[in-house]
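Colleague: sequence? don't have it. structure:
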């Protein structure tokens, strides 16, 4: 998957979350959880775009770590929404699956970038 495809995928993840949140009932606890979910899920794509414009390898790595953390945080909020029992949505499993896949992708990208940086520093 290239940068363009991954940018599209992270944007789709954010828009899917936005649509999901807008379909939920309004309760104080759900509002708090979905606010956090919206922040973390939209941050994935925004920070990935920023990482792609990194000024150096170290800058890229730092930003990719943030992307990974935000994707993982999205999983957490989705799990809380699901496990609270306040929401019964057939959309949740797909969103959790995508959040897990994005976390794995960005974890691998970060690991590869760190390994490449170490190799380049040894030269």
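Modeller: Right, received. Where do you want to start? The structure displayed is predicted, hence computed values, not measured ones.
Colleague: Give me the three-state assignment for residue 69.
Modeller: Three-state call for residue 69 (DSSP: H, G, I helix; E, B strand; the rest coil): helix.
Colleague: Check the gap between it and residue 47 for me.
Modeller: Counting by Cβ to Cβ, to the nearest Å, the gap from residue 69 to residue 47 is 9 Å. Where C-beta positions appear, they are placed from N, C-alpha and C, glycine not excepted.
Colleague: So which of these two has more stuff around it?
Modeller: More crowded of residue 69 and residue 47, by other Cβ atoms under 10 Å: residue 47, with 21 against 16.
Colleague: show me what contacts the residue most central in space within the chain?
Modeller: Among the residues of the chain, the one closest to the centroid is residue 71, at 2.6 Å (Cα atoms, centre = their mean). Residue 71 makes contact with 40, 44, 99, 102-103, 106 under the criterion Cβ atoms under 8 Å, 6 or more residues apart in numbering.
Colleague: do residue 54 as well
Modeller: By Cβ under 8 Å, 6+ apart, the contact set of residue 54 is 60, 62-63.
Colleague: Can I have the buried ones of these as a ChimeraX selection?
Modeller: In ChimeraX syntax, the buried subset of those is picked out as below (16 or more other Cβ atoms under 10 Å):
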select :60,63
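Colleague: Just name the closest of the contacts of residue 54 to residue 36, please.
Modeller: Comparing these against residue 36 with Cβ to Cβ places residue 63 closest, at 20.7 Å.
Colleague: Please list all residues in contact with that closest one.
Modeller: 47-48, 50-51, 54.
Colleague: Leaving out the residues flanking it, which one is nearest to it?
Modeller: Closest residue to residue 63 apart from its sequence neighbours, by Cβ to Cβ, 6 or more residues apart in numbering: residue 51 at 3.5 Å.
Colleague: My read is that residue 3 contacts residue 52, right?
Modeller: Yes - counting by Cβ atoms under 8 Å, residue 52 is a contact partner of residue 3 at 5.6 Å.
Colleague: By mean pLDDT, flag the weakest helix or strand of the protein.
Modeller: When each helix and strand of the chain is scored by mean pLDDT, DSSP states H and E, helix 92-122 comes last, with a mean of 93.
Colleague: how about low-confidence regions in this protein?
Modeller: 123 (pLDDT under 70).
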